[in-house]
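# this one's structure only:
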């Protein structure tokens, strides 16, 4: 299996621009998680989906952030407009059922200038 | 959500056993303890999990106290490649889906 695939791996953008991060979970997995990691705050859970339905988005920092999962094989995390404080590594992870064994992608490193 | 407390950093000599403690005194009876590690800037990697019995796999052993208020992850023969940040997590199930919240973890350094 190819594992969790995230794109882009690196993105540099200017403040105010829209950013879209993409994630393809492992085939057959039914739960998907978006995390953000910074030096100051560590790994933060932003939102997670179960069977394509958002379960808990309480970790989404503000209305500028939105996430969708239109089908079982694709999810997006969008930031509009982006700000410098959004600079971080964004990880996507997936799992099947309640095993708790999350498989993480390699992350998308976002830099907002 | 049950919170965990871990020492911020630890050192261990190569070849020795690395014992990483975790306190989760507010854990509920049906909540599992999970351990992950993150090597440099890679995504976290699952290591092991348990409920109340001790567990062992090819990577590590997990010892959970009888009252379940704390646990210890043991890497029996640490190598330089085990240098990483280790996270202890209490898994919560919400609306049939699980939620794993990472804390600050323990930065383990294996010294030659």
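Cool, got the structure. As the structure is a prediction and not an experimental result, all values here were calculated from the model.

# Low-confidence stretches in the chain?
Chain wasn't specified; assuming chain A. For chain A, the stretches with pLDDT under 70 are A:1.

# Oops, wrong one, chain B.
Across chain B (using pLDDT under 70), the flagged ranges come out as B:1-2.

# Please work out which residue of it is closest to chain A.
residue B:43 (2.9 Å; Cβ to the nearest Cβ). Using the backbone N, CA and C atoms, a C-beta is placed for each residue, glycine as well.

# Doesn't that residue belong to a helix?
No - using DSSP: H, G, I helix; E, B strand; the rest coil, the assignment for residue B:43 is coil, not a helix.

# Quick check, it in contact with residue A:106.
Yes - the criterion here is Cβ atoms under 8 Å, and residue B:43 meets it with residue A:106 at 6.0 Å.

# the more surrounded of these two?
residue B:43 (23 against 17; other Cβ atoms under 10 Å in any protein chain shown).

# In contact with that one, which residues are there?
The contact partners of residue B:43, taken as Cβ atoms under 8 Å, 6 or more residues apart in numbering or on different chains, are A:4, A:91, A:93, A:104-107.

# Could you do residue B:104 as well?
A:42, B:6, B:8.

# Give me the three-state assignment for residue 62.
By default, I'm working from chain A. Once three-state DSSP is applied, residue A:62 turns out coil.

# Could you report the distance from it to chain B?
19 Å (Cβ to the nearest Cβ, to the nearest Å).

# now that residue: how far from residue A:86?
10 Å (Cβ to Cβ, to the nearest Å).

# For these two, indicate the residue with more neighbours.
For the pair residue A:62 and residue A:86, the greater number of neighbours falls to residue A:86 (21 against 8), based on other Cβ under 10 Å.

# Next, give phi and psi for the closest residue in space to residue B:76 that isn't next to it in sequence.
Once flanking residues are discounted, residue B:76 sits nearest to residue B:17: 5.3 Å by Cβ to Cβ, 6 or more residues apart in numbering or on different chains. Main-chain torsions, residue B:17, degrees, to the nearest 10: phi -80, psi 130.

# Can you tell me which residues in chain B are near chain A?
Contact residues (Cβ under 8 Å from any Cβ of the partner chain) of chain B with chain A: B:32, B:34, B:36, B:38, B:41-46, B:49, B:87, B:91, B:93-105.

# Buried subset of these, written for PyMOL?
In PyMOL syntax, the buried subset of the residues of chain B next to chain A is picked out as below (16 or more other Cβ atoms under 10 Å in any protein chain shown):
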select buried, chain B and resi 32+34+36+38+43+44+45+46+49+87+91+97+98+99+100+101+102+103+105
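
# ok, which stretches of chain A are strands?
A:5-7, A:10-13, A:19-24, A:31-38, A:42-50, A:53-56, A:65-71, A:74-79, A:88-95, A:103-104, A:108-112 (DSSP state E).

# gap between the fifth one and the chain center?
So the one you mean is strand A:42-50. When C-alpha coordinates are averaged (Cα atoms, centre = their mean, to the nearest Å), strand A:42-50 and its chain have centres 8 Å apart.

# Residue B:18 contacts residue B:12, doesn't it?
Yes - applying Cβ under 8 Å, one finds residue B:18 in contact with residue B:12, separated by 4.1 Å.

# This completes my enquiry, with thanks.
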